[in-house]
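Participant: let's see this in three dimensions:
(2 chains)
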Amino acid sequence: MEKPQFDLQQAISRSIQDLYEQGTITNSDRHELQAHLEDSAEGLITTGLSEEEAFLIAQKRLGRPELLNEEYAKVNHNLRTDKTWALLLAGFAAISTFIALISYSGSIYYYLLERFGLSNYTWPVVAFLCLQSTLFLFIALKKREVSNFLRDQVEMNPLRSIVFSFTLLALVKGMQIAVLRYLPKSFSYPASTIYGFQGDKLIEFATYVSLFCLFVSLLSIFFSLRSPTKGTWRAAFEKPSIAFLMLFGIGTACFAASTRSLSGLLPVPMHFTLFGLVYLMGAALISYYNENSKLHLFFFGIFGFCAELGVGVVADIDRAQRGIGQIYTPFFILSLIVGLMAGWYMGNMLRGKDAIPSR
Amino acid sequence: MKEISKELMASSLAPIILLILRRQESYGYEIIQEIERLSGKKLAVAEGTLYPILKKMEAKEWIAATWKTGSTGKERRYYALTQKGHIELDSQYEQWNFLHDLINTLWKSPNLTYNRL
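Facilitator: Numbers count the residues shown, from 1 in each chain, chains lettered A, B, ... in the order given. Model prediction:
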């Protein structure tokens, strides 16, 4: 197999970026070190070395990352403190803005669906929601770039970042007050949050998918912002704690349960298959990063199993009492177990093949 | 290549840098090249550690830094000696000379007792 072409510029940027992500150097230091590595590599190339050799020597001459971090930490000792207070304030404003935005945009969304009959335009609405989900997932994939941009802004001008985030909060809050004043009471917060989707099932499911993607995206940025090197799939899923597996299991159970909104639209076997597929993806992710994942999968699936058993049996009894007589619980539980087993198999098959990006 | 202890190197780098910048303003990579050239490639500096030293000196206002575009079109951080830096250099030069003389005297006369120095 042919060796991939070595990209000097990319290698230099990657090397300096790794150093920058340790949080001890400023943006200005980063540019300075990058220019230094470029000069050093160019100098070595003129002596007849290949780009890759020149890069390796230049990097070695620059010094070990631990040593550089140690030395820079001595002179940039106020960097972390500055970031912390600015990030705390900007973070507070961002979370408040997000809550206000979700609250009133949710109200408007439900109002449009109900009063203006958007449910009659299922496919355009679903297409829009899918596009929105894709955008959220794209942001999750680009979390390093997003979090680095945010860090840069706070680092370069903490005051400007805080003023900007609080101005945004004031604008969104203002919009929220104005919107809620004109909306009928039944659509205002918190009533809107328990809106039952009287209309279209597909729109309902697409909304859940979109909210799930938004949650994943925000979580990725949050962890990436705290420590970009830790905000990776590998860091999250490799040797996970029991608490993390249980939380991931609860999230997966909620998402898997949301596929129930498609009941009536799809044939019943398809409904169970979708439910199992969600577990398959989660289990594959865990097994991909952990060689002995059987115990991990137990903690991951236990909440869903208990919830299905508890809630499902109650629902089955209720249906039986109402004379509908359909029993679904064994099928959902079977789908869950098959999903876990198939995910375990898939994860083990894919391991070592770089099938899931480590970032 | 001369092996110089970390501690000695750390204390002597500041006057060396100040002396190089006394000639003309310069940037990190060029300073390292200059040290290598003047020492006949006998003195190796851990390149990355030069920048924290430059930052310390900048914080003490011995040098001032500005981003400038060089003749190759590449942006670099240029350092120049300040008035305070000139005074510091004079003082450090005097201290180094004093220590140099003392070490030399002791080296050349190993049998002298301290009160006859």
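Participant: most centrally placed residue in chain B?
Facilitator: residue B:16 (1.9 Å; C-alpha atoms, centre = their mean).
Participant: contact partners for it?
Facilitator: Taking C-beta atoms under 8 Å, 6 or more residues apart in numbering or on different chains, we find residue B:16 in contact with residue B:35. All C-beta atoms are positioned from the backbone trio N, CA, C, and that covers glycine.
Participant: distance of it from chain A?
Facilitator: Computed as C-beta to the nearest C-beta, to the nearest Å, the residue B:16 to chain A distance reads 17 Å.
Participant: a strand runs through that residue, doesn't it?
Facilitator: No: counting by DSSP: H, G, I helix; E, B strand; the rest coil, residue B:16 falls outside a strand, being helix.
Participant: remind me which helix or strand residue B:50 belongs to.
Facilitator: Counting by DSSP states H and E, the element that carries residue B:50 is helix B:47-59.
Participant: what angle separates the helix or strand just after that helix from helix B:47-59?
Facilitator: Where DSSP H and E defines the elements, the next helix or strand beyond helix B:47-59 is strand B:63-69. Comparing the axes of strand B:63-69 and helix B:47-59 via axes from the mean of the first three to the mean of the last three C-alpha atoms, to 10 degrees yields an angle of 120 degrees.
Participant: and residue B:65, what does it touch?
Facilitator: So residue B:65 contacts B:54, B:58, B:77, B:78, B:79, B:80 (C-beta under 8 Å, 6+ apart).
Participant: need the pLDDT of it.
Facilitator: Note for residue B:65: predicted pLDDT of 91.
Participant: go on, the one 3 residues further on?
Facilitator: Looking at residue B:68, its pLDDT stands at 87.
Participant: what's across from it in the sheet?
Facilitator: residue B:76 (DSSP bridges).
Participant: pretty sure it sits against residue B:75.
Facilitator: Yes: the pair residue B:68 / residue B:75 is scored as a contact, 7.2 Å apart, by C-beta atoms under 8 Å.
Participant: residue B:61: neighbouring residues, count only.
Facilitator: 12 (other C-beta atoms under 10 Å in any protein chain shown).
Participant: my bad, should have said residue A:322
Facilitator: Using other C-beta under 10 Å: residue A:322 sits among 8 other residues.
Participant: contact residues of the stretch 1-150 of chain A facing chain B?
Facilitator: When proximity is defined as C-beta under 8 Å from any C-beta of the partner chain, the stretch 1-150 of chain A approaches chain B at A:28-29, A:31-33, A:35-36, A:38-40, A:61-63, A:67-68, A:71-72, A:74-76.
Participant: report the mean per-residue pLDDT for stretch A:343-354.
Facilitator: 82.
Participant: which parts of chain B sit against chain A?
Facilitator: Residues of chain B lying near chain A (C-beta under 8 Å from any C-beta): B:27-29, B:46-49, B:51-52, B:55-56, B:59, B:67, B:74-77.
Participant: what segments of chain B are strands?
Facilitator: Assigned by DSSP state E, chain B shows strands spanning B:26-27, B:63-69, B:75-81.
Participant: if you count neighbours, what's buried in whichever strand or helix holds residue A:110?
Facilitator: Element membership for residue A:110 (DSSP H and E) is helix A:79-115. For helix A:79-115, the neighbour count (16 or more other C-beta atoms under 10 Å in any protein chain shown) marks A:79, A:83, A:86-87, A:89-90, A:93-94, A:96-97, A:100-101, A:103-104, A:106-107, A:109-111, A:113-114 as buried.
Participant: one more: stretch A:17-31?
Facilitator: A:19, A:20, A:21, A:22, A:23, A:24, A:25, A:26, A:29, A:30, A:31.
Participant: cool, and stretch A:123-134?
Facilitator: A:125, A:126, A:129, A:132, A:133.
Participant: and which of these is nearest chain B?
Facilitator: Lowest distance from chain B to the buried residues of stretch A:123-134 (C-beta to the nearest C-beta) belongs to residue A:132, with 39.1 Å.
Participant: where does that closest one land on pLDDT?
Facilitator: Reading off the model, residue A:132 has pLDDT 85.
Participant: how far is stretch A:326-339 from where the chain is centred?
Facilitator: Stretch A:326-339 sits 28 Å away from the centroid of its parent chain (C-alpha atoms, centre = their mean, to the nearest Å).
Participant: do stretch B:18-29 as well
Facilitator: 9 Å.
Participant: may I have it exported as PDB, CA atoms only?
Facilitator: Taking C-alpha atoms only, stretch B:18-29 is exported to PDB below (Å, rounded to 0.1, in the frame of the first residue of the first chain):
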ATOM      1  CA  LEU B  18      19.900  41.200  25.700                       C
ATOM      2  CA  LEU B  19      23.300  41.400  24.000                       C
ATOM      3  CA  ILE B  20      22.000  40.000  20.800                       C
ATOM      4  CA  LEU B  21      19.000  42.400  20.900                       C
ATOM      5  CA  ARG B  22      21.400  45.300  21.600                       C
ATOM      6  CA  ARG B  23      22.600  45.000  18.000                       C
ATOM      7  CA  GLN B  24      19.200  45.000  16.400                       C
ATOM      8  CA  GLU B  25      15.600  43.800  16.900                       C
ATOM      9  CA  SER B  26      15.100  40.100  16.200                       C
ATOM     10  CA  TYR B  27      12.700  37.200  16.500                       C
ATOM     11  CA  GLY B  28      13.000  33.900  18.400                       C
ATOM     12  CA  TYR B  29      14.200  31.700  15.700                       C
END
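Participant: and the helices in the stretch 51-200 of chain A, which stretches?
Facilitator: A:51-62, A:65-75, A:79-115, A:122-141, A:143-156, A:158-182 (DSSP state H, counting those that start in this stretch).
Participant: which of those has the lowest average pLDDT?
Facilitator: helix A:143-156 - the lowest mean pLDDT of the helices of the stretch 51-200 of chain A, at a mean of 73.
Participant: could you list every helix and strand in contact with that helix?
Facilitator: helix A:27-45, helix A:79-115, helix A:158-182, helix A:201-226 (3 or more C-beta pairs under 8 Å, 6 or more residues apart in numbering or on different chains; DSSP states H and E).
Participant: wait, residue B:55 sits on residue A:74?
Facilitator: No: in this structure, residue B:55 is not within contact of residue A:74 by C-beta under 8 Å, at 9.2 Å.
Participant: quick one: which of the two has more around it?
Facilitator: Counting neighbours by other C-beta under 10 Å for residue B:55 and for residue A:74 shows that residue B:55 has the greater number, 22 against 12.
Participant: skipping its backbone neighbours, what lies nearest that one in space?
Facilitator: Excluding its sequence neighbours, the residue lying closest to residue B:55 (C-beta to C-beta, 6 or more residues apart in numbering or on different chains) is residue A:75, at 4.4 Å.
Participant: and the residue nearest the centre of chain A?
Facilitator: Most central in chain A (C-alpha atoms, centre = their mean) works out to residue A:216, at 2.6 Å.
Participant: which stretches of chain B have low pLDDT?
Facilitator: B:1-2, B:111-117 (pLDDT under 70).
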